[in-house]
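S.K.: Got a sequence here, can you model it:
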Amino acid sequence: MPVQPEQLDAAFLKMNLAKDFLMAHQLIPTPVQYWIAYEYSASGHPEITELIDEYLKEHVDLNPHFIGHLYEKCFLPTSDTELAQSVDSLLGSVLKDVSENGKMLDSYASLLDNQVDHIEHAGVQDAIKLISEVAKTTKQTAQNQHELSQRLLHSEQNAKQLQQALKEAQLEAITDQLTGLYNRKGMDKKLPLLEIDHDEFSIIIMDIDFFKNINDDNGHILGDRVLRQFGQVIKNTVRGDDLSIRFGGEEFLIILPSTLTTGAVTVAQNIQAKISKMAWKNKKTGATIGPVTMSFGIVTKQLDESWEDSIQKADQALYHAKNTGRNKIIISPDKEID
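M.R.: Residues are numbered from 1 along each chain as shown. Next up, the predicted model:
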């Protein structure tokens with residue numbers, strides 16, 4: 001059915017409203033942020049409209065972290081459910097096609113047996129008639145086989161698309177939208193996998209110093225830039241098996257498998273050195289912000305210790321670094337690294 005001009009006009013109007021919304025709040029049009037902007041601008045999702053309106057009563061601008069939480073809350077469970085239902089539907093369709101094809105081939109084989117037996121005992125005219133029926137049935141069977149082949153090819157393509165969509169949905173569910181690091185849900189999913197191959201771990205917990213002042217003095221947009229770039233520094237510093245997490249707000253966590261305390265200190269020092277060279281510019285005032293520092297707490301996890309207890313020890317070391325001057329690396333419980 002062809003698309004009507006009025007349908008196109010309405011769709012483009014909604015698209016432009018979403019674009020204006022993104023620009024007004026200085027949001028990058030990533031798929032997730034555009035999706036939320038489109039639903040809000042088109043008033044297509046009452047819960048999103050209500051949550052954004054409530055948020056804007058207390059904040060000047062939206063930030064990507066809030067948008068990420070909104071997406072997880074309003075869409076991710078539904079998306080996962082819909083994907084699962086789509087997979088079930090696709091599998092049911094394939095099984096039905098295969099089952100019907102099996103019945104068709106059994107029927108065709110039985111027909112051939114009967115017709116061959118009849119041909120052997122029939123006269124010429126009857127034999128010709130029977131052979132004609134066999135040819136017709138064979139042709140129809142070949143056509144059915146071709147149609148089945150096309151349906152299975154289409155199902156294979158759909159399966160690949162669903163697999164990719166499911167992979168993306170699962171990744172978004174465990175990833176912090178602003179920094180690209182894992183979120184806490186991602187940490188919970190990845191830790192059991194790390195424990196399969198490793199039994200020694202060090203933990204670094206770090207927190208941006210005076211981050212509230214950065215936000216209050218320069219706005220959340222610059223604050224988000226700081227968070228995003230710090231996340232990138234962490235991502236570029238760790239190794240393949242290391243787990244980098246945005247633990248909450250301006251707090252980050254790195255879990256280092258097969259790494260002792262000295263190795264963790266080296267990672268923390270590398271991050272500290274990189275961020276000490278970074279600076280940001282407030283576009284409104286023209287003032288340069290930086291360097292921005294971080295405080296670090298480090299602990300090596302004991303074999304009989306829970307993750308919760310180990311992370312709490314690292315957090316206590318971080319707290320000690322904060323209380324004794326900030327911009328420090330403290331090994332649990334209170335050993336300061338020069």
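
S.K.: mind showing which ranges of this structure have poor pLDDT?
M.R.: 1-12, 30-31, 72-73, 75-135, 137, 139, 141-142, 144-172 (pLDDT under 70).

S.K.: Break it down into its domains, please.
M.R.: Split into domains by automatic domain parsing, the chain comes to 5-74, 77-173, 184-336.

S.K.: For the longest one, measure first residue to last.
M.R.: In other words, domain 184-336. 28 Å (CA to CA, to the nearest Å).

S.K.: Which residue ranges of the stretch 201-338 of the chain form strands?
M.R.: 201-208, 243-248, 251-257, 280-281, 288-289, 294-301, 329-331, 335-336 (DSSP state E, counting those that start in this stretch).

S.K.: Spell out the residue ranges of the helices in the stretch 201-338 of the chain.
M.R.: 211-218, 220-237, 261-275, 307-323 (DSSP state H, counting those that start in this stretch).

S.K.: Now these in JSON lines, please, with extra columns for mean neighbour count and distance to residue 285.
M.R.: Where C-beta positions appear, they are placed from N, C-alpha and C, glycine not excepted. Formatted as JSON lines, the helices of the stretch 201-338 of the chain follow (neighbours: other CB atoms under 10 Å; distance: least, CB to CB, whole Å):
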{"stretch": "helix 211-218", "mean neighbour count": "16", "distance to residue 285": "8"}
{"stretch": "helix 220-237", "mean neighbour count": "18", "distance to residue 285": "10"}
{"stretch": "helix 261-275", "mean neighbour count": "17", "distance to residue 285": "22"}
{"stretch": "helix 307-323", "mean neighbour count": "18", "distance to residue 285": "28"}
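
S.K.: out of those helices, nearest to residue 177?
M.R.: Nearest to residue 177 among the helices of the stretch 201-338 of the chain is helix 220-237 (10.3 Å), distances taken as CB to CB.

S.K.: got the angle between that closest one and strand 243-248?
M.R.: 160 degrees (axes from the mean of the first three to the mean of the last three CA atoms, to 10 degrees).

S.K.: would TSV of the helices of the stretch 201-338 of the chain with distance to residue 191 be doable?
M.R.: TSV is the format used below for these (distance: least, CB to CB, whole Å):
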stretch	distance to residue 191
helix 211-218	26
helix 220-237	18
helix 261-275	17
helix 307-323	6
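
S.K.: Please name whichever of those is nearest to residue 48.
M.R.: helix 220-237 (19.7 Å).

S.K.: That closest one - contacts with which helices or strands?
M.R.: Judged by 3 or more CB pairs under 8 Å, 6 or more residues apart in numbering; DSSP states H and E, the packing partners of helix 220-237 are helix 64-74, strand 201-208, helix 211-218, strand 243-248, strand 251-257, helix 261-275, strand 280-281.

S.K.: Could you confirm residue 18 falls within a helix?
M.R.: Yes - counting by DSSP: H, G, I helix; E, B strand; the rest coil, one finds residue 18 located in a helix.

S.K.: Could you measure from it over to residue 61?
M.R.: 16 Å (CB to CB, to the nearest Å).

S.K.: out of these two, which sits in the busier spot?
M.R.: residue 18 (21 against 15; other CB atoms under 10 Å).

S.K.: list the contacts for that one?
M.R.: 34, 37, 38, 40, 41, 42 (CB atoms under 8 Å, 6 or more residues apart in numbering).

S.K.: now, which of these sits nearest residue 14?
M.R.: Nearest to residue 14 among the contacts of residue 18, counting by CB to CB, is residue 42 at 4.4 Å.

S.K.: any idea how far residue 249 is from the closest one?
M.R.: Applying CB to CB, the value for residue 42 to residue 249 is 32 Å.

S.K.: With residue 25 instead?
M.R.: 20 Å.

S.K.: give the contact list for residue 225.
M.R.: residue 280.

S.K.: Settle it for me: which of residue 25 and residue 249 has more neighbours?
M.R.: Taking other CB under 10 Å, residue 25 and residue 249 do not tie; residue 25 has more neighbours (19 against 12).

S.K.: Verify the stated contact: the more buried one with residue 61.
M.R.: Yes - under the criterion of CB atoms under 8 Å, residue 25 makes contact with residue 61 at 5.1 Å.

S.K.: and the host helix or strand of residue 33, which residues are buried?
M.R.: In the assignment (DSSP states H and E), residue 33 maps to helix 31-41. Applying a neighbour-count criterion of 16 or more other CB atoms under 10 Å, one finds 32, 33, 34, 35, 36, 37, 38, 39, 40, 41 buried in helix 31-41.

S.K.: which residue sits closest to the first one, ignoring its sequence neighbours?
M.R.: Computed as CB to CB, 6 or more residues apart in numbering, the closest residue to residue 32 that is not its neighbour in sequence is residue 71, at 4.9 Å.

S.K.: Could you export the strands of the stretch 201-338 of the chain as a markdown table, including distance to residue 269 and mean neighbour count?
M.R.: Listed next are those as a markdown table, based on distance: least, CB to CB, whole Å; neighbours: other CB atoms under 10 Å:
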| stretch | distance to residue 269 | mean neighbour count |
| --- | --- | --- |
| strand 201-208 | 11 | 25 |
| strand 243-248 | 16 | 21 |
| strand 251-257 | 13 | 23 |
| strand 280-281 | 22 | 16 |
| strand 288-289 | 23 | 14 |
| strand 294-301 | 9 | 25 |
| strand 329-331 | 7 | 24 |
| strand 335-336 | 13 | 13 |
